[in-house]
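Enquirer: A structural model of the following input is requested.
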Amino acid sequence: MPYCSNCGNPVTEEQDVCLACGKKLTNSEKKSVSNVSDTGGFGWGLLGFCIPIVGLILFIVWKEDQPNNAKATGKGALISVIFSVTMYLIMFMLGLGGPLR
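Expert: Numbering: from 1, shown residues only. Below you'll find the predicted structure:
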C-alpha cells in the first residue's frame, strides 16, 4: 500500500490528493510497494536509540519510501541524543563529568 510522503498516511492509487494533509500526490507516491513493511515498529525505534547515527541515516534514506519506519528510527535517534546530553549535564553538575583532580 502506498503512503503519503508528507504525513505517512496510507493513500490509494486513485487519489490525487492525500485526504489527511492535503498534499498533491505524484505518480511515484501512488505506486504500490507490496514487499515493504512500513509499520514503524518498536524495533526500529530501539535501533535508532541504541545506534543514533544509524537511526539518522535510515531516517534520511527512508523518509520518502517508508515514512513510518523513518519516523520511528528518527525518534529513537533524537531521544538517544537528548538522553545522552541530559545525562552528561547531570554528571557535570554533580562534579563527575569534569577533569580528574
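Enquirer: my read: residue 79 touches residue 46, true?
Expert: No. Counting by Cβ atoms under 8 Å, residue 79 stays clear of residue 46, with 10.3 Å between them. (Each C-beta comes from the backbone N, C-alpha and C, glycine too.)
Enquirer: ok, now which ones touch the residue nearest to residue 50 when sequence neighbours are not counted?
Expert: Nearest non-adjacent residue to residue 50, counting by Cβ to Cβ, 6 or more residues apart in numbering: residue 80, 7.3 Å away. Listed by Cβ atoms under 8 Å, 6 or more residues apart in numbering, the contact partners of residue 80 are 48, 49, 50, 52, 55.
Enquirer: got these as a markdown table, with secondary structure, distance to residue 73 and pLDDT columns?
Expert: Compiled in a markdown table, the contacts of residue 80 are given as follows (DSSP: H, G, I helix; E, B strand; the rest coil; distance: Cβ to Cβ, whole Å; pLDDT from 0 to 100):
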| residue | secondary structure | distance to residue 73 | pLDDT |
| --- | --- | --- | --- |
| 48 | helix | 4 | 94 |
| 49 | helix | 9 | 94 |
| 50 | helix | 11 | 95 |
| 52 | helix | 9 | 95 |
| 55 | helix | 4 | 94 |
